[in-house]
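Asks: could you work out the structure for the sequence below:
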Amino acid sequence: MHSKLLKTIRWLRRHYPTKTPLVVRVSKKLGRELHGVCLVGDGRALIRIASATESVMLDTLLEEYCHVLRHDTPIPIEDDHDAIFWAILGQVTKHWRGE
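Replies: This next block holds a predicted model:
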């Protein structure tokens, strides 16, 4: 796994710990259309990120990680990309960029 990706995973876990146990994997077997996928169920989560350029992988990691954070909130999920998801992603991305 790329060192910047590992550093970002550690940063996310330190600043935005999830209630749901989480595993992150880089995969060469995701479809061409998918940069990543987040699977949540049975009290755990799996993020699979397609092997790509570092910047694409980092952006994908942030988005998929925010799906887990959204899942951890007590408010029912309307759809995968509801307003609460976008608010979480915006906050995490701004913090990660140092804004």
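Asks: so which residues of this protein form helices?
Replies: Ranges of helices in the chain, per DSSP state H, are 3-15, 54-71, 83-97.
Asks: looking at those, which is buried most?
Replies: Compared across those, helix 54-71 shows the largest average neighbour count, a mean of 19 (mean count of other CB atoms under 10 Å). Any C-beta I mention is one placed from the backbone N, CA and C, and that applies to glycine too.
Asks: packing partners of it?
Replies: Using 3 or more CB pairs under 8 Å, 6 or more residues apart in numbering; DSSP states H and E as the contact test, the elements touching helix 54-71 are helix 3-15, strand 22-27, strand 36-41, strand 44-50, helix 83-97.
Asks: wait, which of those is closest to residue 75?
Replies: helix 83-97 (6.1 Å; CB to CB).
Asks: which residues does that closest one contact?
Replies: 8, 11-12, 15-16, 62-63, 65-67, 69-70, 73, 75, 77 (CB atoms under 8 Å, 6 or more residues apart in numbering).
Asks: now do it against helix 54-71: the angle between them, please.
Replies: Interaxial angle, helix 83-97 versus helix 54-71 (axes from the mean of the first three to the mean of the last three CA atoms, to 10 degrees): 130 degrees.
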